[in-house]
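> Need the 3D shape of this:
(chains A, B, C, D, E and F)
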Protein chains: 4
Amino acid sequence: MARGDVRDRTMDDGGRGPGGAGERREEPVRRRLLAEATRLFAAKGFENTSVQEIVSAAGVTKGAMYHYFDSKDDLLHEVYARVLRLQTDRLDRFADAPGPVADRVRAAAADVIVTTIENLDDFKIFFRSMHQLAPETQRSVRAERRRYHERFRDLIGEGRRTGVFRDDVPADLVVDYFFGSVHHLGTWFRPDGALSAREIGDHFAGLLLASLRP
Amino acid sequence: MARGDVRDRTMDDGGRGPGGAGERREEPVRRRLLAEATRLFAAKGFENTSVQEIVSAAGVTKGAMYHYFDSKDDLLHEVYARVLRLQTDRLDRFADAPGPVADRVRAAAADVIVTTIENLDDFKIFFRSMHQLAPETQRSVRAERRRYHERFRDLIGEGRRTGVFRDDVPADLVVDYFFGSVHHLGTWFRPDGALSAREIGDHFAGLLLASLRP
Amino acid sequence: MARGDVRDRTMDDGGRGPGGAGERREEPVRRRLLAEATRLFAAKGFENTSVQEIVSAAGVTKGAMYHYFDSKDDLLHEVYARVLRLQTDRLDRFADAPGPVADRVRAAAADVIVTTIENLDDFKIFFRSMHQLAPETQRSVRAERRRYHERFRDLIGEGRRTGVFRDDVPADLVVDYFFGSVHHLGTWFRPDGALSAREIGDHFAGLLLASLRP
Amino acid sequence: MARGDVRDRTMDDGGRGPGGAGERREEPVRRRLLAEATRLFAAKGFENTSVQEIVSAAGVTKGAMYHYFDSKDDLLHEVYARVLRLQTDRLDRFADAPGPVADRVRAAAADVIVTTIENLDDFKIFFRSMHQLAPETQRSVRAERRRYHERFRDLIGEGRRTGVFRDDVPADLVVDYFFGSVHHLGTWFRPDGALSAREIGDHFAGLLLASLRP
DNA sequence: AATGAATGAGGGTTCATTCAT
DNA sequence: GATGAATGAACCCTCATTCAT
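Numbers count the residues shown, from 1 in each chain, chains lettered A, B, ... in the order given. Predicted structure coming up:
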């Protein structure tokens, strides 16, 4: 397994300049491979993107890719890991913030929209290609996804218990209802559309909150 | 092109009642191929299903499949055509019914949920594999899909104009919001779950209507 | 063998009108199939022409073709048979005519050019696709072709013996030399070119005769 | 495209003498593939030769072939490129030599016969399979072929202008006449025949020159 | 750390031919 | 005489992956 020790440094180099002290190199090849793979998977789908295309786009050869990643599947898995981490981190932040639960739900809901749009390539892949992963990997991704949804559901549950939200619709169902809209963004959102990510987030969060009024 | 004259008979038997003179089976091979393809595409994804698997499941050889369909893509396209026809027909029925607009929106919204669940295999494929179609086919499917959404949007627009619905959220956006939930059904719905299709439809329609209150 | 009794009537119906006495029908389907096959083989090559294309062009179905012909190869063979018969007949006529041998060679040589151009589709196929025939068929075609060449060679031999032609070049070689030019016509001749078939025939015959001067 | 950098080394080893430092074999697999393909195409025709046969004969797998060549068509194209290069180079050499034009035409004519016989497999393919190439490739091959013919025609034109050759037959037509004999060699020449390549070349060149006498 | 030639299994598709009707 | 659904074998090609260098 050549990956365990480098995986976590994919997305940031901490702002350290190249002249920093004796830090290990930041693996620009690995990063480039992941970026090109993400772009191509989102544009053409996982199955329609060949390893050759990815390595050519990244300016390296196949051997280099297989040095950094176990397989093509592994590349896809990396995209998922990044997406899941990002969403979980942000939801935790909003859920654990102080303030009334309605405000926290609204903020979290708007944020997941904005975040999704800002990383639309990654999310497109996430929502479209999960069934391509190996069954085992799929299970682990699903489990983490479920934990994320449960966190959101519990937040809504808190609002129901405190009488802020209606309680005649199961909280689970509300989560499935709302996250459908999130998944769907990849299908219709265009950067040059009439509304900004922020505006869409506010509208969607507004619709959610309105539908939860007792 | 050996198909033009048989394609349209997939879903109906031309109105002839049972017992009519032209009793012989209506292309059972073609129907079986389409049924097995639908099942497999939904279960394993379009790209992970080989033509060999489809024809084996249908109990015929590849040549038979290529007698009825131009390509594997064509099989996928047939699923789409069926889905689009079904949805369009039903939406028209509900939109054109008499009664207050709020009732019509609620009924149409609930119905699309129920219909989607009742044909979940077809819809799973529809929502997950569109990007596999040939670009040209993709355009035509998208165009028809857009018309469908516009029909729904106009219904909501009618409610806005008559003051029944709020007008501070664009009707287009509401449609994208709600149909996200519809698309998402394929991801989480299980026939053995706690709620029936009808109940889910009612809940989702209820959430939509609540979020549209002025 | 469904063909033996109809084969010879492919090219002419003897000028008899359709109201002739009790003659058997002239098989328009068979004729149409052969005509379309010839056209398509010449245009796209034997291997690139499918049976489906041929029968579609002729406005019938596969079953009809297999009623009149044993196989796709058989269609090709028919083209050959027609060409061989035509060439042989005409060469015999010119060779057996009265007059000096030089005149007869010149006339036969010019005629084979004109005849080839007038039936260029058939000859293109002949010169290009012989190796597609079944080995046995190929042998018989080659044998007949050889007889044809020998007839021509003997004519030249006659001129050599009588001192009209040079005798320092083997007559066989002269035949191979000249018929190369005939075969080649299919490659470069265009009906809208500067020279007519007649003119080309005269020029080529002239070149041949000139090269044979003692 | 994995070929650009190796293609040109097919026929020579870069001028390095044996015993040089860079001793390792120059793409023996590629060379073997091309040699076997040439042999099989000439023997059985392009369309009747499967990729499997070629790679089996060369002792490798299909993947290896597709590493060196883009397609089966590409193999054919390589044969053409080699033939065209060879012919063009040799014609240039003879045309640009010093001496009377009649001598140069005779030498060039005899040489094209000898060269064709010495590479008969390649030329058989060339003259028989051109119509199998992709239309675009076909155009480029035809264009190069035309330039070659024009070079030869200009040589004859020179003889006409200087009164050495007759001028009552178009030079273009003479070229088509003579090269027909060249193309035809593949049909009848057998290595164990009575005449050597050299003898045939001399005879054919003699016939050509004789026919051009004023 | 990186190369790229080679593998080998499988993919979609074509097509001449047959045969029950 | 003619149909056209169905066969079955072959075909060209793709691709993730490996491994000697």
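
> now do the same end-to-end measure for stretch A:110-125.
Its start and end residues considered, stretch A:110-125 measures 21 Å (CA to CA, to the nearest Å).

> avg pLDDT for that stretch?
pLDDT averaged over stretch A:110-125 equals 94, rounded to a whole number.

> Run the chain-centre distance for that stretch.
6 Å (CA atoms, centre = their mean, to the nearest Å).

> Go ahead and name everything in contact with that stretch.
Stretch A:110-125 is touched from outside by A:38-39, A:41-42, A:46, A:76, A:79-80, A:82-83, A:86-87, A:90-91, A:94, A:182-183, A:185-186, A:189, A:197-198, A:200-202, A:204-205, with contacts defined as CB atoms under 8 Å, 6 or more residues apart in numbering or on different chains. To be clear about C-beta, it is placed using only N, CA and C from the backbone, and glycine gets the same treatment.

> Distance of the residue nearest to A:Arg151 when sequence neighbours are not counted relative to A:Val175?
Ranked by CB to CB, 6 or more residues apart in numbering or on different chains and with sequence neighbours excluded, the top spatial neighbour of A:Arg151 is A:Leu91, at 5.7 Å. A:Leu91 sits at a distance of 12 Å from A:Val175 (criterion: CB to CB, to the nearest Å).

> Which neighbours do these two have in common?
Between them, A:Leu91 and A:Val175 share these contacting residues under CB under 8 Å, 6+ apart: A:Phe152.

> Spatially nearest residue to the closest residue to chain D within chain A, not counting backbone neighbours?
Per CB to the nearest CB, the residue of chain A with the smallest distance to chain D is A:Gln52, at 9.3 Å. Of all residues beyond its chain neighbours, the one nearest A:Gln52 is A:Lys62 (7.1 Å), with distances taken as CB to CB, 6+ apart.

> thinking that neighbour is in contact with A:Val51, fair?
Yes. Distance between A:Lys62 and A:Val51: 6.1 Å, which falls inside the contact criterion (CB atoms under 8 Å).

> most centrally placed residue in chain A?
Most central in chain A under CA atoms, centre = their mean is A:Val83, positioned 2.8 Å from the mean C-alpha point.

> do the helix or strand containing A:Val182 and chain B meet?
Counting by DSSP states H and E, the element that carries A:Val182 is helix A:171-188. Yes. Contact of helix A:171-188 with chain B is found when judged by CB under 8 Å from any CB of the partner chain, involving A:173-174, A:176-185, A:187-188.

> Now do that helix against helix B:171-188, angle only.
On the basis of axes from the mean of the first three to the mean of the last three CA atoms, to 10 degrees, helix A:171-188 is oriented at 120 degrees to helix B:171-188.

> Other residues contacting helix A:171-188?
Residues outside helix A:171-188 that contact it (CB under 8 Å, 6+ apart) are A:109, A:112-113, A:116-117, A:120, A:123-124, A:127-128, A:149, A:152-154, A:156-157, A:160, A:200, A:204, A:208, A:211-212, B:176-185, B:187-188, B:195, B:200, B:203-204, B:207.

> hang on, the earlier thing: quick one: pLDDT of the residue nearest to A:Gln52?
Model confidence at A:Lys62 (pLDDT) stands at 92.
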